[in-house]
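Colleague: When you get a sec, could you give me coordinates for this:
(4 chains)
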There are 4 protein chains.
Amino acid sequence: MQLGMVGLGRMGANIVRRLMQAGHDCVVYDRDPKPGAALAEKGAVVASDLKDMVAKLAAPRAIWVMLPAGEITEATLTELSGLLSPGDTLIDGGNAFWKDDVRRGQELSAKGLHYLDIGTSGGVHGLERGYCLMIGGDKETVARLDPLLKALAPGKGDIPETSHRDGRNPTSEEGYLHCGPVGAGHFVKMVHNGIEYGMMQAFAEGFDLLRNASAREGLPPEYGFDFDVAEISEVWRRGSVVTSWLLDLTASALAADEDLSAYTGNVSDSGEGRWTVQAAIETATPAEVLTSSLYTRFRSRKDHTFAEKVLSAMRAGFGGHVEPKKPV
Amino acid sequence: MQLGMVGLGRMGANIVRRLMQAGHDCVVYDRDPKPGAALAEKGAVVASDLKDMVAKLAAPRAIWVMLPAGEITEATLTELSGLLSPGDTLIDGGNAFWKDDVRRGQELSAKGLHYLDIGTSGGVHGLERGYCLMIGGDKETVARLDPLLKALAPGKGDIPETSHRDGRNPTSEEGYLHCGPVGAGHFVKMVHNGIEYGMMQAFAEGFDLLRNASAREGLPPEYGFDFDVAEISEVWRRGSVVTSWLLDLTASALAADEDLSAYTGNVSDSGEGRWTVQAAIETATPAEVLTSSLYTRFRSRKDHTFAEKVLSAMRAGFGGHVEPKKPV
Amino acid sequence: MQLGMVGLGRMGANIVRRLMQAGHDCVVYDRDPKPGAALAEKGAVVASDLKDMVAKLAAPRAIWVMLPAGEITEATLTELSGLLSPGDTLIDGGNAFWKDDVRRGQELSAKGLHYLDIGTSGGVHGLERGYCLMIGGDKETVARLDPLLKALAPGKGDIPETSHRDGRNPTSEEGYLHCGPVGAGHFVKMVHNGIEYGMMQAFAEGFDLLRNASAREGLPPEYGFDFDVAEISEVWRRGSVVTSWLLDLTASALAADEDLSAYTGNVSDSGEGRWTVQAAIETATPAEVLTSSLYTRFRSRKDHTFAEKVLSAMRAGFGGHVEPKKPV
Amino acid sequence: MQLGMVGLGRMGANIVRRLMQAGHDCVVYDRDPKPGAALAEKGAVVASDLKDMVAKLAAPRAIWVMLPAGEITEATLTELSGLLSPGDTLIDGGNAFWKDDVRRGQELSAKGLHYLDIGTSGGVHGLERGYCLMIGGDKETVARLDPLLKALAPGKGDIPETSHRDGRNPTSEEGYLHCGPVGAGHFVKMVHNGIEYGMMQAFAEGFDLLRNASAREGLPPEYGFDFDVAEISEVWRRGSVVTSWLLDLTASALAADEDLSAYTGNVSDSGEGRWTVQAAIETATPAEVLTSSLYTRFRSRKDHTFAEKVLSAMRAGFGGHVEPKKPV
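Modeller: Below you'll find the model as predicted:
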């Protein structure tokens, strides 16, 4: 099957590679000519611009846009929508805000174009592990592109089967799912990332506690420990309740350097974490953990908050308290 | 009435002053002779040591211990319990852990001594405003010492009367209350401080948000503000729902320096905040706000947590993400 | 000075009353003729519809819209904007979303109209206490309407002066403040309500803890208390750090019924709480307490969340755990 | 190697089975004779009481106590300590509080006995999957019992090796680890369970949000979804960042019944979650997520909190607000 790919960063280029490994044909384009040239060696057809890409694809066309930022994605989709013909399909595989998808889907539908929003998980490991795909759009378009989606997904692999799944949607077990109408794909991906934030924070707090529980001045005398968090993360990988890919990654990082001294601790957040909280509020869903996980990242990027100064000022006001010099 | 006071720091000395202003007699002692000398000028009798204090008081004696740290308090009470006679009363007016009171009350009771735990709020303003007293102990002892307690409390003042209070305990309206058996006083004071943490954090977050909402790069274009938080804190003092003493203190601090540049933002926490969370857990009480308020103080005293490094290491692991340079 | 008031619910009608008590002239309108008739007895001029109101006001006009829901407010402002003349002023005193104000201000400005967004705090007590006013809009319009704003505000009253305020904006001490351009008024009111949520939750958790700490089966033996939360709320009103109007209200409710048995505990939330969290996220401000306070309200309105069923299902999955029958 | 096992509930009995499958000899005892009889058929020697067990074991003995509650464990260990000889070893494999271990270890050491605290994860699946063992105690004792520990642990299995582990402790990769002195085993297990709480809550909130985002009255119009959470949980099992054993369990539960209608949502908590928060507070470790996860369980077991009634009472006080009838 044929796919056009716009945006050949790590994600876009690896998606193309995985598709070509499965025998699909890819027409590719990026403003930077280098990644396209590398893919051409593997058999990709390189387009010189978006118009050329449209010309090089046979109708009904499918073009996947995989660009880092929302504004460029919007501009690219708009330009492409003027070049395509009714019945063609546009796909946004980036991390878009799902309400933008809903709006965009309506706009494209008015032009007779199909639109899929595909939340794509897999990161740097997707090429070999496959990509978990969460797809929003109309049923027919998703069905028509099934060969591409199946090729990108991880497949059943050697993961144990879930019980009670007789008669259920078989694609879930392959690692891709049509989640609902336009917007559903990025919504599910957004919630996935929200959960990811929470799981990460749970591990982070646990390891922080283990480190802080090592014997030092000021702690109660029972705290006579000197924990090796690298070994602890490793032992939990087998038979414990917290076994997970995130634990595997943590074990690897801690094995390399138990102090994680390469990291300062300024933690980024992406749109998904913020949008998850926004959706929690719009739907009146208590989401303490997902939200706290986001806030700890906000806090991590500041020396101090103004909030903390307000607290100190109040304490000085009612009790004459003087600030400590960073006791822990 | 007569009271012995051990510990003449700011709190102890001001309590003595307020009692003497009301016509009571005080015998005072502190390891440092200076504050006793100052009080002697106002009419206090200075004891040379604990034994001398006991000798200078008429039975049934009442001795208030007002010392900064738990260990010294424990040692002092133990020493005094060996010097006193059955029927005498010991008072701990410091910030003790209420379970220590329960244990101590049983020990002292076995010696025929009475014990009161008095949670004392009022801080640096207590001398003129009076002290809000939360009292634990047996009913008879509390009743016997009522003249002292009444003198220390703020009194009705010009605060509007609460409706529906016919037939209720009149001392509450004077600002002192027998809360229950030994331990109850410090328990109620502990919860008071827990609430105080939560209220402080609510204000702190609100003012932080106002500051962060001022127009700057990266914010949505609607954020075109340049808020004067000193004026905002002042306007809220009249007619708004958040009027409170803590707001008064904040308004004063912000009026002096809207940037609070005298403060770094390292915020101390005291035992009460921690004990409140411990009690919440023992009683299965969800206490999100009281607990978060404590945790933000923990976090305020660190450059970074190990937790944050774990998060960054995971992000590098699954997505190849590089840490930001402190964007806000 | 003259003001038109659209919407004569409790808030609108009381604002009119307070203005007329200060000698101002009010033209009033409500779809329901009853509240207008009541105000006419006090001297208000009743308009038969919006067009009539505009006719009854002298240019440059000022019309305050005080309607409960965003949609009706929007429709009313739109209709009025078609009836007014350049130089006239529209005011929204309701609880609008500040971004709607920003948009609306631009639309009205294009028609030569002025727009003020006034966050109004005071609730059912505003008529006698006055209203705390947080105002957004252009400087000239705010200055021109100063007599009305001053009349509505609580005034200095007998509240102690804040120190360090020499040379600062005198209106803050009267209880009204020009906070910035259009949107600033509702933004500040929104943050005010966010803080209010946090303060309320802090008190709520504290009193919950006191109730749960009363002696009962399953608690550690030290918990031998039987706290009277009505008395505790009263004693804190004098000399304690948590003195506040919210505590006054709580003391009154608890004095009437210590069990609060008139209330089920389904707690509403309004737009302000949600918008505050949204602003915290947009500005990367950690707002743990403000957000938790909102989430506890969401949770209060549910019998159970699906989240809780997921937890129980997991526990059954890994440990064979059976759900408890509501132990506490 | 020889081991005595006291307590033949599901955990104790399965540990014995797994040891015997690996060729070890077990002497077993339980107050209930039935589980011992079942194990005898597989080759276990049944003791008639603790004294008999000691008699049936060769010195230096090792006895593992696996009892559900802390009090029985304490009593059993005390009784055994009077029957054993210097050089013998007692093991507590239950979910004990680590500070009890520290105290107990000192008491037993004074009698010349060794003591190991072994946190044991694996639940109902441990017999076939193996048990993840977190061990506290002295180095020599742990080394001497290595054959037993190795047999219980899951072993390397087909789990991918962690990078950068050259020269590191090989037992971690087998699923068992000597974590430090007495207390360290249960401390690490406690933190493990704390993390487990946080991960569970992250998933629970995510699935709750997906359910709440399905189209219904009152939601913004973009929410036109009808998510199948069973399929979503399944698709995330492959290639996504949240792959984990907890997700596997959730997928299985949701596949059996997407509504989880067998569960009411009253979620238990165990000591570990509470002790984790306690340790976080003692070590000044911000642990927002671990703590929130505990609080949501507290809340799940109540119809309403008193806190919620306080909120409603305040709202009635300042705004005349009436409670809603459970809108969502």
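Colleague: Quick check: A:Ala251 vs A:Thr243, distance?
Modeller: 10 Å (Cβ to Cβ, to the nearest Å). Yep, even glycine has a C-beta here, placed from its N, CA and C like the rest.
Colleague: Can you pull the residues that touch both of these two?
Modeller: A:Trp236, A:Arg237 (Cβ atoms under 8 Å, 6 or more residues apart in numbering or on different chains).
Colleague: For the residue of the stretch 1-150 of chain A found nearest chain C, give me its contacts.
Modeller: Taking Cβ to the nearest Cβ, chain C has its nearest neighbour within the stretch 1-150 of chain A at A:Phe97, 12.8 Å off. The contact partners of A:Phe97, by Cβ under 8 Å, 6+ apart, come to A:Gly70, A:His186, A:Gly271, A:Trp275.
Colleague: quick revisit: out of A:Ala251 and A:Thr243, which sits in the busier spot?
Modeller: A count of neighbours by other Cβ atoms under 10 Å in any protein chain shown puts A:Ala251 above the other of A:Ala251 and A:Thr243, at 26 against 22.
Colleague: right, and that one touches D:Ser163 too?
Modeller: No: look at A:Ala251 against D:Ser163 with Cβ atoms under 8 Å: they stay out of range, at 9.0 Å.
Colleague: interface residues of the stretch 201-328 of chain A facing chain C?
Modeller: Contact residues, the stretch 201-328 of chain A versus chain C (Cβ under 8 Å from any Cβ of the partner chain): A:241, A:269, A:274, A:277-278, A:281-282, A:284-288, A:291-292, A:294-296, A:298-299, A:301, A:305, A:307, A:318.
Colleague: From chain B, how far off is A:Arg129?
Modeller: As judged by Cβ to the nearest Cβ, to the nearest Å, A:Arg129 and chain B stand 11 Å apart.
Colleague: and that residue, what is it in contact with?
Modeller: So A:Arg129 contacts A:Gly122, A:Pro154, D:Gly239 (Cβ under 8 Å, 6+ apart).
Colleague: Could you do A:Trp236 as well?
Modeller: Here A:Trp236 is in contact with A:Val242, A:Thr243, A:Leu247, A:Ala251, D:Ser121, D:Cys132, D:His192 (Cβ under 8 Å, 6+ apart).
Colleague: Tell me which two of those sit farthest apart.
Modeller: Using Cβ to Cβ, the two most remote members of the contacts of A:Trp236 are A:Ala251 and D:Ser121, lying 15.7 Å apart.
Colleague: Send me the host helix or strand of A:Thr291 as CSV with only the CA atoms.
Modeller: Applying DSSP states H and E as the criterion places A:Thr291 in helix A:288-300. The C-alpha trace of helix A:288-300 is given here as CSV (Å, rounded to 0.1, in the frame of the first residue of the first chain):
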residue,chain,number,x,y,z
GLU,A,288,-5.5,14.0,41.9
VAL,A,289,-2.6,11.9,40.7
LEU,A,290,-2.5,12.9,37.1
THR,A,291,-2.7,16.6,38.2
SER,A,292,-0.1,16.4,40.9
SER,A,293,2.3,14.7,38.5
LEU,A,294,2.0,17.7,36.2
TYR,A,295,2.4,20.2,39.0
THR,A,296,5.6,18.6,40.3
ARG,A,297,7.0,19.1,36.8
PHE,A,298,6.0,22.8,36.9
ARG,A,299,7.7,23.1,40.2
SER,A,300,10.8,21.3,39.1
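Colleague: Name the single longest strand found in chain A.
Modeller: strand A:114-121 (DSSP state E).
Colleague: Many thanks, we can stop here.
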